[in-house]
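*Asks:* here is a sequence with its predicted model. Questions after.
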Amino acid sequence: SSDFRRLLKVVERAAVLEMRMVDDELPFGPNNANYLQALLEGGQVHPGMGISVNKMQNYGSPKGHNVENVWAFYAKDRKTLEDFFNQLPAQWRLPASHMIAYGPDVVMLRGEPTKVWRTFIVKSRAEVTGESILAANVSPDPQTGLPGVDLKLDRLGADRFEQMSGDNIGRRMAIMLDDAVMSDPVFNDRIPGGNVRITVGETPGQSVRDTANDLVKVLKSGSLPARLVKEFEIRVGADLGKDAVESGFWAFVVGLGAVVAFMGIYYRVSGLIAVFALVLNVLLILAAMAFFQATLTLPGIAGIVLTLGMAVDANVIIYERIRELIREGYTARAAIEAGYDRAFTTILDSQLTTAIAGVVLWQYGSGPIRGFAITLLIGIATSIFTAVFCSRLFFDFQANRRGFDRVSI
């Protein structure tokens, strides 16, 4: 449900971007004082309202304007400030050319950083809007390293932004997103090119980078006009469903059972040795996947089943070679040694060609294809080891017994 709420918030967000000039120099009242200062001196702000009146630092630029006597109202929530300004008498309200804007800020209260809202006096007409955005990207701030959003404006927006910055050197600009002031930088010089940066704050339960990425998505595509309603939820991941696990398990059991039956009937005792090597082969595959922390998926199970057939194929090549040598008159011990030595090159060639195909699948495939390729490559290595080395240990053990002159094959 939390993931759905986050998705709903992203796709329904309007992401209305506006750039307005901050007018802290606006005179108001008979004394031509700052508007917020006039409200304070006129007795409109009372204790208990939850509003803090603060005189801010002066700002400006040697190349342009110097703004003095700057005031701001603070409150712990935005509604407190909105209710205050909405309930003011008509004679205490701003002219139509100006408006009150609100933006989040962080102040120290009792030694701890606390999120609050503050006021800005801005001009009602937006100089640049989100309609002029050509591109939006997330990039780290060169000074703080925190992610932010870089905007590229079209030609008309870039010209307006350049004129706005050139005419207001030393004054602040409010970058407003969804009717909230995200940042209020001071123009220190004329800014050509139409490149703008938005500083993104932290959202509860969401990192700054995720917030910036969500903002970029909405700025690029816009909001969804129709509201989403959650009807059902399907989770897609590496975990296998119950039906898939059961079908994969029975495919493995049937395949292994068929191989065991064939090898035991056709090659007798030697077939049982091949079956033991086969079981050891599967255990080594699972151990290798656990070591590399690979996830066992349906394609991976298919790769294991395919490996069973390939591993038995190596034993079949060896056993048929031993049979031929025995028919040619070789002793049992000599047939075993020659059979393994002569069959090794053939086994290696066949497994090598399959390994090349597996490498290609792993390199250029994705998702299930790579899972199948990884299992296949691991199976090839373990198949050569168990078929050529492990199974021969049993034959060597039999051949070293006194009186050994016949092999059950």
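*Replies:* The structure has been received and is ready for your questions.
*Asks:* excluding its backbone neighbours, what's nearest Glu41?
*Replies:* Ala33 (6.6 Å; CB to CB, 6 or more residues apart in numbering). Glycine gets a C-beta too; all of them are placed from N, C-alpha and C.
*Asks:* beta partners of that neighbour?
*Replies:* Counting by DSSP bridges, Ala33 is bridged to Phe28.
*Asks:* now do the contacts for it.
*Replies:* 27, 41, 69 (CB atoms under 8 Å, 6 or more residues apart in numbering).
*Asks:* from those, list just the buried residues.
*Replies:* Among the contacts of Ala33, none scores as buried (criterion: 16 or more other CB atoms under 10 Å).
*Asks:* columns distance to Val254 and pLDDT on top of those residues, output as JSON lines?
*Replies:* Listed next are the contacts of Ala33 as JSON lines, based on distance: CB to CB, whole Å; pLDDT from 0 to 100:
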{"residue": "Pro27", "distance to Val254": "89", "pLDDT": "87"}
{"residue": "Glu41", "distance to Val254": "90", "pLDDT": "88"}
{"residue": "Asn69", "distance to Val254": "86", "pLDDT": "88"}
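*Asks:* nearest to Gly329, of these?
*Replies:* Comparing the contacts of Ala33 against Gly329 with CB to CB picks out Asn69 as the nearest, at 114.3 Å.
*Asks:* for the nearest residue in space to that closest one that is not next to it in sequence, list the residues it contacts.
*Replies:* Leaving aside its sequence neighbours, Asn69 sits nearest to Asn34 (CB to CB, 6+ apart; 5.2 Å). The contact partners of Asn34, taken as CB under 8 Å, 6+ apart, are 24-28, 69-71.
*Asks:* quick one: pLDDT of Asn34?
*Replies:* Here the pLDDT value assigned to Asn34 is 86.
*Asks:* what's the answer for Leu240, then?
*Replies:* Leu240 carries a pLDDT value of 53.
*Asks:* what do you get for Phe84?
*Replies:* pLDDT recorded at Phe84 is 94.
*Asks:* where's it, which helix or strand?
*Replies:* Mapping Phe84 onto the secondary structure by DSSP states H and E places it in helix 78-86.
*Asks:* give me the contact list for the helix or strand following that helix.
*Replies:* Next along the chain after helix 78-86, taking DSSP H and E as the criterion, comes strand 98-109. By CB under 8 Å, 6+ apart, the surrounding residues in contact with strand 98-109 are 20, 23, 26, 35, 74, 78, 81-82, 85, 94, 113-124, 174, 176, 179-182, 184, 201.
*Asks:* any quick ChimeraX command for the buried ones out of those residues?
*Replies:* In ChimeraX syntax, the buried subset of these is picked out as below (16+ other CB under 10 Å):
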select :20,23,26,35,74,78,81,85,94,116,117,118,119,120,121,122,123,174,176,181,182,184,201
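*Asks:* keep only those of the contacts of strand 98-109 that are in helices.
*Replies:* 35, 78, 81-82, 85 (DSSP state H).
*Asks:* any idea which of the residues you listed is closest to Ile191?
*Replies:* Among these, Tyr35 lies closest to Ile191 (CB to CB), at 27.7 Å.
*Asks:* next one: Ala101 from Phe85, what distance?
*Replies:* 11 Å (CB to CB, to the nearest Å).
*Asks:* which SS class is Leu376?
*Replies:* What DSSP: H, G, I helix; E, B strand; the rest coil gives for Leu376 is helix.
*Asks:* residue contacts, Gly130?
*Replies:* The contact partners of Gly130, by CB under 8 Å, 6+ apart, come to 15-18, 219.
*Asks:* and the pLDDT for it?
*Replies:* So Gly130 comes in at 79 (pLDDT).
*Asks:* kindly report the same for Met56.
*Replies:* On pLDDT, Met56 comes in at 91.
*Asks:* where does the nearest residue to it once chain neighbours are set aside fall, phi/psi-wise?
*Replies:* Leaving out its chain neighbours, the residue that sits closest to Met56 by CB to CB, 6+ apart is Val70, at 4.1 Å. The phi and psi values for Val70, taken as degrees, to the nearest 10, are phi -100, psi 130.
*Asks:* could you do Glu68 as well?
*Replies:* Backbone torsions for Glu68, taken as degrees, to the nearest 10, come to phi -120, psi 170.
*Asks:* likewise Ile169?
*Replies:* Per degrees, to the nearest 10, the backbone of Ile169 is at phi -60, psi 130.
*Asks:* residue contacts, the closest residue to it other than its chain neighbours?
*Replies:* Of all residues not flanking Ile169 in the chain, Gly64 sits nearest, at 2.9 Å (CB to CB, 6+ apart). With contacts defined as CB under 8 Å, 6+ apart, Gly64 is in contact with 168-171, 187.
*Asks:* Val388 too?
*Replies:* If you count contacts by CB under 8 Å, 6+ apart, then Val388 has 314, 318, 340, 344, 347 around it.
*Asks:* now do Ala294
*Replies:* Applying CB under 8 Å, 6+ apart to Ala294 gives the contacts 300, 371, 374-375.
*Asks:* tell me which of the residues you listed is nearest to Ile133?
*Replies:* Comparing the contacts of Ala294 against Ile133 with CB to CB places Gly371 closest, at 40.7 Å.
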